[in-house]
Structures are given as structure tokens and as C-alpha cells.
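A.B. asks: Any chance you can model this:
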Amino acid sequence: MKKVVLAGGSGHLGRLLAELLIKAGMKVVVFSRSKVDKTMEKVDYVYWDGETLGDWVGELEDADTLINLCGKSIQCRFTKENQQTLTNSRVVPTKLLGEALRSLRRPPRLWINFSGISIFGGKENLHAEDSTDYGVDFLSVLAQEWEAAFVDIPLRNTQKVILRISPVLSKGSGMFAELHPLVKMGLGGKVGDGKQMVSWIHEHDFVQMVKWVMESKEPAPVYHACSSDTRSNKDFMRVFREEAKISLGLPVPVFMAYVGSFLKGVDVSLLLQTVPATTKQTIEDGFKFKYNYLHSALAQLIKST
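C.D. replies: Residues are numbered from 1 along each chain as shown. Take a look at the predicted model:
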């Protein structure tokens with residue numbers, strides 16, 4: 001039985017992955033900062049603090065794959081203190097995992113390290129895996145620093161893959177879960193001028209893509225976990241209303257975006273910043289999306305809600 005270790009896998013995405021991997025007959029170990037974490041049955045939870053070596057290192061011996069999902073949620077204001085916290089929550093565990101792997105006799109065959117398509121925040125045109133024209137805002141720099149920490153770790157016997165995650169459309173959490181109630185109330189209009197690009201991936205394709213990378217004999221060093229059907233915010237919300245059978249969608253002016261983000265305690269850039277990312281490498285390497293088009297992705301989620 002293959003063993004897969006999810007570092008920082010206690011959140012929503014980690015649970016989605018664990019469910020799929022268990023169904024595929026794999027043993028799943030989750031490194032968690034909670035000493036009493038028993039969120040899912042059939043998952044072995046092992047305590048770690050994400051900062052120091054400990055008994056958890058032994059769980060990596062003979063594991064097939066390590067998946068690093070560590071990182072505090074970006075749903076906050078980007079104060080200097082929060083920026084440092086967000087950076088440390090990604091870079092520190094990544095370096096620590098690298099140190100742990102280098103101490104093993106039989107390290108994992110594969111290490112998948114998450115990052116974000118936000119690395120292209122604020123840029124023009126669409127950017128696939130072969131682009132290095134990165135943004136300069138905080139989230140872009142955060143992704144660059146996270147990836148640099150991962151790339152700089154020398155490993156002889158472990159293949160490394162960066163998986164840049166876009167917002168995952170899911171019934172249980174994230175963008176869809178937040179927007180669906182607003183759309184039903186007639187508040188699902190464009191934000192600002194609506195020109196900011198929105199990258200996304202359906203939850204089914206997200207977990208299947210991770211499994212596909214694990215099964216690839218020679219995976220590329222970087223993949224984008226996002227649909228190729230990137231839309232402007234205005235178009236994204238139009239399709240959302242169409243699939244929800246809602247005709248009214250009141251727009252959110254820029255000043256209201258600032259007010260709303262302040263009241264929610266998040267940075268306004270999460271609403272107004274363009275993230276023009278797409279994927280090319282996954283399709284060229286043979287991944288088959290089930291929900292590559294926004295209409296079908298939203299239709300399935302709305303129907304199942």
C-alpha cells in the first residue's frame with residue numbers, strides 16, 4: 001500500500017485529497033499542528049509544529065509521495081505583520097521538510113509543493129507554466145519566495161514538482177461557497193470594472209490533477225492547477241447568474257469593494273487584482289479535465305448544492 005504524506009493537510013483541500021487517495025487504496029498520513037486532530041477516519045494524524053524536527057520525520061521514510069499544502073489562509077489584511085506571518089507559514093515548513101528528507105535513507109519518490117497562480121498577479125495577457133513574467137504585488141512575491149525555498153533544496157532521490165493552485169470551486173469552501181448565496185440574492189454583479197481576470201479549477205479536477213501528477217512517470221517541474229477557461233470577473237459573474245437562473249446581479253463599485261473587504265477583514269486586492277493565469281503544460285502532458293469550462297463547472301456545483 002502506497003503511503004502519501006500531506007503536510008498541513010487538515011484544511012479543506014487536504015480533506016478533498018485525503019478522500020480521493022483513500023478511495024484509491026493509499027495510506028494517508030497528515031501532519032497537523034493540532035494534537036487532537038481526528039477530522040477524518042482512516043487518516044493517520046501526526047503532530048508537528050511545522051518549525052522543528054521531531055518524531056514526525058520517521059513518517060516520511062518509505063513514503064511514496066509528500067504533498068506540502070502548508071500556509072495560513074490569505075483571507076486577511078496584508079499588514080506588515082500579516083505578510084510576515086503568511087510568508088513564514090509557507091517558507092519555514094518547506095525548508096524544514098527539505099531538511100527532513102535529506103536525513104532519510106529511503107525518502108519519498110516524489111515531493112509535490114503547492115504554490116499559487118497569484119504569482120502572475122497584476123500582469124497582462126494570459127500566463128501558462130512556461131512564463132516567468134511574474135507580478136510584483138505581495139501575493140506574487142509570496143509565491144516567488146515560496147517556490148525559491150522549494151527549488152533551492154538539493155535532493156538526489158526525490159523528484160520535485162511545483163503545483164500552482166488557482167481558486168478551487170467547491171461546495172464546501174472558497175470562492176463558490178461564498179459567491180453562491182450572494183448570487184441567489186441578486187448581488188452577483190461585477191466587481192469594479194469587472195476586467196480583472198479570474199482563474200479557477202473545479203474541485204473534482206483539482207484532486208484528480210494531484211493524483212495524475214503522482215502517477216506521471218516524468219512530470220514537468222511546474223504545473224498550473226487551473227482551467228484553461230480563464231474569464232474576466234464580469235464574464236465569470238454573468239455565467240454564474242446564468243447557471244443559477246438569476247437575472248439580477250447588482251455590481252459592486254470600487255469604493256464598495258474597499259468597504260466590504262474592510263468589514264470582512266481581508267485585503268481589497270483579493271477582489272480587484274487581476275490574476276491572468278491559464279494552463280498549457282497539463283493539457284500537453286495528457287491531463288483530461290472533466291470540468292474545463294465554466295458553464296459546466298458551475299452547473300454541476302449548483303445542482304449538487
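
A.B. asks: pLDDT score for the residue nearest to residue 210 when sequence neighbours are not counted?
C.D. replies: Residue nearest to residue 210 in three dimensions, not counting chain neighbours: residue 17, with 5.9 Å by C-beta to C-beta, 6 or more residues apart in numbering. C-beta coordinates here come from the backbone N, C-alpha and C atoms, glycine included. Residue 17 carries a pLDDT score of 95 in this model.

A.B. asks: so where is the protein shaky, pLDDT-wise?
C.D. replies: Within the chain, the ranges that satisfy pLDDT under 70 run 35-39.

A.B. asks: I'd like to know how many residues surround the residue nearest to residue 210.
C.D. replies: Using other C-beta atoms under 10 Å, residue 17 has 21 neighbouring residues.

A.B. asks: With residue 103 instead?
C.D. replies: 11.

A.B. asks: Is residue 65 bridged to anything, and to what?
C.D. replies: residue 4, residue 110 (DSSP bridges).

A.B. asks: was I right about it contacting residue 109?
C.D. replies: Yes. Counting by C-beta atoms under 8 Å, residue 65 does reach residue 109; the two are 6.7 Å apart.

A.B. asks: So for these two, which sits in the more crowded spot?
C.D. replies: Under the criterion of other C-beta under 10 Å, the comparison of residue 65 against residue 109 puts residue 65 first, with 23 against 15.

A.B. asks: Name the residues of stretch 54-65 that are buried.
C.D. replies: 56-57, 59-60, 63, 65 (16 or more other C-beta atoms under 10 Å).

A.B. asks: Tell me which of those fall in strands.
C.D. replies: Secondary structure from DSSP state E places residue 65 of the buried residues of stretch 54-65 in strands.

A.B. asks: From the buried residues of stretch 54-65, pick the one nearest residue 285.
C.D. replies: residue 65 (17.4 Å; C-beta to C-beta).

A.B. asks: Can you name the residues bridging to the spatially most central residue of the chain?
C.D. replies: Against the mean C-alpha coordinate of the chain, by C-alpha atoms, centre = their mean, the closest residue is residue 165 at 3.5 Å. Using DSSP bridges, the bridge partners assigned to residue 165 are residue 116, residue 225.

A.B. asks: who does the helix or strand containing residue 84 touch, helix- and strand-wise?
C.D. replies: If you go by DSSP states H and E, residue 84 is part of helix 80-102. With contacts taken as 3 or more C-beta pairs under 8 Å, 6 or more residues apart in numbering; DSSP states H and E, helix 80-102 sits against strand 65-68, strand 110-116, helix 138-151.
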